[in-house]
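Visitor: Quick one, fold the following:
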Amino acid sequence: MADEIKSPWMKEEDLEGEGTWFLGDEAALKSEQTAQKASWKTKTPKGKGLTIFIAIAGLISVFLLAAVTLNLQVPSSTHKESRPKPPQPSKPAPTPVTIKHQEAIPSTPQLRDTKEYILSQSWNLDSPPTTREYFWTINDAVLNPDGVHRPMILINKQYPGPLVECNEGDTIVVHVENKAVNATTIHFHGMFQNGTNNMDGTVGITQCAIAPNSNFSYKFDVKGQHGTYWYHAHHSAQASDGLLGPMVVHSKKEEDLQKMDYATDRVVMVQDHYHNLTAELLMEYLAPDQENNEPVPDNGLINGRNVRDCADFKGWVCNTTDLAIPTIDLEAGQRHRLRIINVGAFAEFQIQFDEHPFYVTEVDGIDVHPEPIHRVNVLPAQRYSVVLETNVTTASTFWMRARMVTHCFKNKNERLQSETRAIIRYTSKEEKTSSQEPTSKEWPDAIEVICRDLNTTALRPVEVISPPPADEVIVLRANFEIGDWRLARGFFNESTWHANATHPSLHRFLDSGVQITSVKNPIAINEKAFERQKEFVLETNGIRTIDISINNFDDGAHPFHLHGHKFFVLLQGRDGYPPSAADLPEYLKSHGLLENPLRRDTLTVEGYAWAVIRVVLDNPGLWAFHCHNTWHAESGMLMQMLVRPEVMKDWKVGDEERGLCSREGVMKGMRPDDSIWFGQFRQ
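Guide: A predicted model of the protein is given here:
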């Protein structure tokens with residue numbers, strides 16, 4: 001739709017070599033860290049460097065001697081040549097490369113082999129820009145990820161979805177054929193979609209859903225980003241019915257940006273799991289008198305698997321014959337990168353590996369200097385890469401524990417096992433891999449009982465970026481309000497979002513004429529094209545930098561996600577109030593909070609707390625900003641950022657995209673309209 005628009009962020013060189021290392025509160029690990037820093041990266045031995053120096057010195061001596069002997073003048077380093085260099089032949093443009101990822105579709109639905117989430121060690125980081133083409137058929141099926149059979153939505157009859165893996169600079173093409181009963185879309189979480197806002201996959205904002213028996217192709221360039229991401233349905237609560245999978249983007253500088261070497265690299269997805277269809281759960285949640293009564297999960301999954309005792313689910317169809325506890329095989333005596341993604345709807349997970357501290361090295365696609373911890377809190381849609389060393393000699397199997405922080409649940413689910421486990425299993429070329437269940441000891445300190453982000457104040461990005469000054473401070477109030485007919489809905493300020501499934505925001509804005517429907521002020525709420533009570537749209541003209549002060553007046557935690565951008569995390573607090581708009585600039589400067597702050601795309605504001613983020617709004621388009629708790633988003637806790645409309649004036653809605661809006665069944669799977677409850681009272 002448009003050419004790439006580069007960001008004005010200024011990058012600074014890290015003049016301190018390895019940088020300043022920020023230690024956390026893990027006192028027991030501080031002494032270890034000092035000893036291990038030297039071994040994080042393989043360094044050139046000093047003796048080798050001396051040998052190279054002597055060899056170079058010898059060559060220079062020979063050259064000088066030859067020059068004197070032949071009575072030749074050795075030019076100084078500043079000597080200018082009197083004649084221009086002969087023209088050099090231009091390098092031929094690289095031949096376009098296309099790789100088709102067309103996997104075999106099994107005859108019956110099945111769980112995907114988790115080995116597919118182990119990244120290849122032979123992956124070529126220096127391959128030329130490549131078009132990577134995927135072919136996905138969306139099906140309804142019945143599957144039993146933990147033993148209990150339930151209806152699911154699958155990609156190519158497998159769950160979870162396939163790994164999408166590429167290099168920065170590649171082009172991704174995903175052909176979607178929808179054979180499911182409901183309409184759907186695919187959103188590639190965290191992708192900037194620079195110049196392809198129409199490929200963001202958000203129903204009611206950038207596109208209409210792909211109706212049953214319809215096709216649509218997503219095509220976008222992966223530019224200016226790398227790291228760990230994922231994709232999921234962005235239509236109602238369908239992601240929790242199975243329509244999700246991981247995405248990894250490699251950088252040519254990956255080995256330098258990751259400050260710890262590792263032998264293997266893999267994806268580890270954790271999620272809450274429901275045995276009922278999300279449409280049924282959503283209907284109950286949105287009904288009258290259900291404030292803060294989010295559906296409580298029945299179980300947890302690791303890479304789409306778990307094993308439960310069928311005796312706990314009487315009346316359900318349950319079979320665990322072909323299931324086993326998830327295992328993660330790691331070679332002993334090595335370091336291993338685990339890319340942890342919370343692909344769930346609601347639950348926060350606190351993750352640990354018994355007897356193994358580890359280092360956080362990436363947050364939401366941003367490489368950070370290694371920080372030692374032994375537990376990591378991951379809320380929905382967040383990603384953390386951790387590097388774990390398999391150096392324990394007392395055993396060869398250990399538990400990975402992914403615990404839901406159940407403090408956030410209003411009700412108790414008697415069937416729920418809040419701790420989901422996988423086996424970390426040491427492997428060796430000389431010895432047979434153990435098949436015994438672990439007897440490992442967990443960490444002795446108490447687990448988290450408050451739903452909130454990992455404390456990231458010590459995490460510093462490897463690539464240093466100074467945030468530009470803010471042009472404006474925007475104050476958002478996030479809360480639930482009980483309105484007519486006792487319906488509790490999520491709000492940003494005075495707006496609760498209602499999707500227009502057949503005429504999305506982007507289409508309406510472009511169809512009405514950008515010059516007519518955009519606002520005059522550089523930063524303002526657009527009420528010319530959008531009804532504020534249903535579509536809260538913040539418009540920014542030109543490249544603008546804003547601070548967003550988010551105030552959570554709800555007792556639940558909200559993991560907020562911004563599409564199309566990353567933001568700087570400046571402040572998070574739970575006491576009092578954030579600094580006022582007038583005091584904020586000086587406060588940030590005086591407290592050193594503008595010195596290379598963490599950047600990410602999903603930030604949690606815990607109950608009755610607040611946060612301040614800074615975002616450079618430079619990516620043209622209409623972008624969702626919403627709570628990534630599925631139930632909260634579907635209740636209306638979503639707003640939009642309309643960025644740089646002056647660049648959008650020549651954009652047109654494509655025929656394929658417009659055609660989706662008139663297909664039969666385009667509304668199927670939508671959240672129920674509030675009007676179905678009008679006139680109803682509950683005693």
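Visitor: which stretches of the protein form helices?
Guide: With DSSP state H, the ranges of helices along the chain come out as 27-40, 46-69, 254-257, 278-286, 505-512, 514-517, 584-590, 630-634, 655-660.
Visitor: Worst mean pLDDT among these?
Guide: When the helices of the chain are ranked by mean pLDDT, helix 46-69 comes last with a mean of 40.
Visitor: neighbours around Val360, how many?
Guide: 22 (other CB atoms under 10 Å). Backbone N, C-alpha and C define where each C-beta goes, glycine included.
Visitor: That one against Ser385, yeah?
Guide: Yes. Val360 is in contact with Ser385 according to CB atoms under 8 Å; the separation is 7.2 Å.
Visitor: For Gly636, see how far away Gly679 is.
Guide: To Gly636, Gly679 is 21 Å away according to CB to CB, to the nearest Å.
Visitor: quick one: which of the two has more around it?
Guide: Under the criterion of other CB under 10 Å, the comparison of Gly679 against Gly636 puts Gly636 first, with 27 against 7.
Visitor: who's in contact with the more buried one?
Guide: Listed by CB atoms under 8 Å, 6 or more residues apart in numbering, the contact partners of Gly636 are 489-491, 495-498.
Visitor: Check the residues you listed against Tyr134 and report the nearest one.
Guide: Nearest to Tyr134, judged by CB to CB, of the contacts of Gly636 is Trp497 at 30.1 Å.
Visitor: ok, that closest one - contacts?
Guide: When contacts are counted by CB under 8 Å, 6+ apart, Trp497 touches 490, 534-536, 626, 636-639.
Visitor: Buried ones among these?
Guide: 490, 535-536, 626, 636-639 (16 or more other CB atoms under 10 Å).
Visitor: just to revisit the earlier point, hmm, which of the contacts of Gly636 is lowest in pLDDT?
Guide: His498 (92).
Visitor: dump the residue contacts of the residue lying closest to that residue once chain neighbours are set aside.
Guide: Excluding the flanking residues, the one nearest His498 by CB to CB, 6 or more residues apart in numbering is Lys534, at 4.4 Å. For Lys534, the contact set (CB under 8 Å, 6+ apart) comprises 495-498.
Visitor: quick one: which of those is nearest Arg305?
Guide: Trp497 (34.2 Å).
Visitor: so how far is Leu286 from that closest one?
Guide: Remark: distance between Trp497 and Leu286 (CB to CB) = 13 Å.
Visitor: same thing with Pro559?
Guide: For Pro559 relative to Leu286 (CB to CB), the value is 20 Å.
Visitor: now do Asn156
Guide: The gap separating Asn156 from Leu286 is 32 Å, by CB to CB.
Visitor: swap in Val569?
Guide: According to CB to CB, Val569 stands 31 Å off from Leu286.
Visitor: for stretch 480-491, the distance to its chain's centre please.
Guide: 30 Å (CA atoms, centre = their mean, to the nearest Å).
Visitor: Endpoint to endpoint, that stretch covers what distance?
Guide: This stretch, stretch 480-491, spans 6 Å end to end (CA to CA, to the nearest Å).
Visitor: in the sheet, who's paired with the residue nearest the centre of the chain?
Guide: The C-alpha lying nearest the average C-alpha coordinate of the chain belongs to Tyr229 (CA atoms, centre = their mean; 4.2 Å). Counting by DSSP bridges, Tyr229 forms beta bridges with Met247.
Visitor: Show me what counts as buried in stretch 280-293.
Guide: Using 16+ other CB under 10 Å as the test for burial, stretch 280-293 gives 281-282, 285-287, 290-291.
Visitor: With respect to Ser518, which of those is nearest?
Guide: Ser518 has its nearest neighbour among these in Leu286, at 33.2 Å by CB to CB.
Visitor: what's the spacing between Gly224 and Val569?
Guide: According to CB to CB, Gly224 stands 19 Å off from Val569.
Visitor: In terms of neighbours, single out the busier of the two.
Guide: Legend: neighbour count by other CB under 10 Å for Gly224 and Val569, higher for Val569 (21 against 14).
Visitor: Show me the shaky parts of the stretch 401-550 of the chain.
Guide: The stretch 401-550 of the chain contains residues with pLDDT under 70 at 432.
Visitor: same thing with the stretch 551-683 of the chain?
Guide: Applying pLDDT under 70 to the stretch 551-683 of the chain flags residues 680-683.
Visitor: who's the closest residue to Thr196 other than its chain neighbours bridged to?
Guide: With CB to CB, 6+ apart as the criterion, Thr196 has its nearest non-adjacent residue at 4.3 Å, and that residue is Phe220. Legend: beta-bridge partners of Phe220 under DSSP bridges are Ile172.
Visitor: Show the contacting residues for Phe220.
Guide: Applying CB under 8 Å, 6+ apart to Phe220 gives the contacts 171-172, 188, 191, 193, 196, 199.
Visitor: how near is it to Gly195?
Guide: Applying CB to CB to Phe220 and Gly195 gives a distance of 8 Å.
Visitor: between these two, what contacts are shared?
Guide: By CB under 8 Å, 6+ apart, no residue touches both Phe220 and Gly195.
Visitor: where do the strands sit along the stretch 451-600 of the chain?
Guide: In the stretch 451-600 of the chain, the segments counted as strands under DSSP state E, counting those that start in this stretch are 464-466, 472-482, 488-492, 523-525, 537-540, 544-552, 558-562, 567-573, 599-600.
Visitor: quick one: average pLDDT of the longest strand anywhere in the chain?
Guide: In the chain, with assignment by DSSP state E, the single longest strand is strand 130-143. Average pLDDT, strand 130-143: 99.
Visitor: what helices or strands is that strand leaning on?
Guide: Contact partners of strand 130-143 among helices and strands, from 3 or more CB pairs under 8 Å, 6 or more residues apart in numbering; DSSP states H and E: strand 97-101, strand 150-155, strand 164-167, strand 171-178.
Visitor: To Pro672, which of the ones you listed lies closest?
Guide: strand 150-155 (18.1 Å).
Visitor: Could you pull up the contacting residues of the residue nearest to the centre of the chain?
Guide: Tyr229 neighbours (CB under 8 Å, 6+ apart): 188-191, 246-249, 365, 383.
Visitor: same question, Gln640
Guide: Residues in contact with Gln640 (CB under 8 Å, 6+ apart) are 205, 505, 530, 535-538, 622-625.
Visitor: ok, and the most crowded of those?
Guide: Leu622 (29 neighbours).
Visitor: Could you check how far that one is from Lys649?
Guide: Leu622 is 14 Å from Lys649, where distance means CB to CB.
Visitor: Count residues in the vicinity of Lys412, would you?
Guide: 9.
Visitor: pLDDT score assigned to the nearest residue to it once chain neighbours are set aside?
Guide: Leaving aside its chain neighbours, Lys412 sits nearest to Val296 (7.2 Å; criterion: CB to CB, 6+ apart). pLDDT recorded at Val296 is 98.
Visitor: quick one, phi psi at Val296?
Guide: When read as degrees, to the nearest 10, the backbone of Val296 gives phi -90, psi 130.
Visitor: Was I right to think it contacts Cys408?
Guide: No. Val296 lies out of contact with Cys408 (CB under 8 Å); the separation is 9.5 Å.
Visitor: For those two, list the residues in contact with both.
Guide: Here Val296 and Cys408 share the contacting residues Phe346, scored by CB under 8 Å, 6+ apart.
Visitor: before we move on, back to that, could you dump the strands of the stretch 451-600 of the chain into CSV with distance to Val268 added?
Guide: Below are the strands of the stretch 451-600 of the chain laid out as CSV (distance: least, CB to CB, whole Å):
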stretch, distance to Val268
strand 464-466, 28
strand 472-482, 30
strand 488-492, 30
strand 523-525, 40
strand 537-540, 36
strand 544-552, 29
strand 558-562, 19
strand 567-573, 24
strand 599-600, 19
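Visitor: Nearest to Met667, out of those strands?
Guide: strand 488-492 (20.1 Å).
Visitor: where are the low-confidence patches of the stretch 251-400 of the chain?
Guide: Residue ranges of the stretch 251-400 of the chain with pLDDT under 70: none are present.
Visitor: Fine by me, we can end here.
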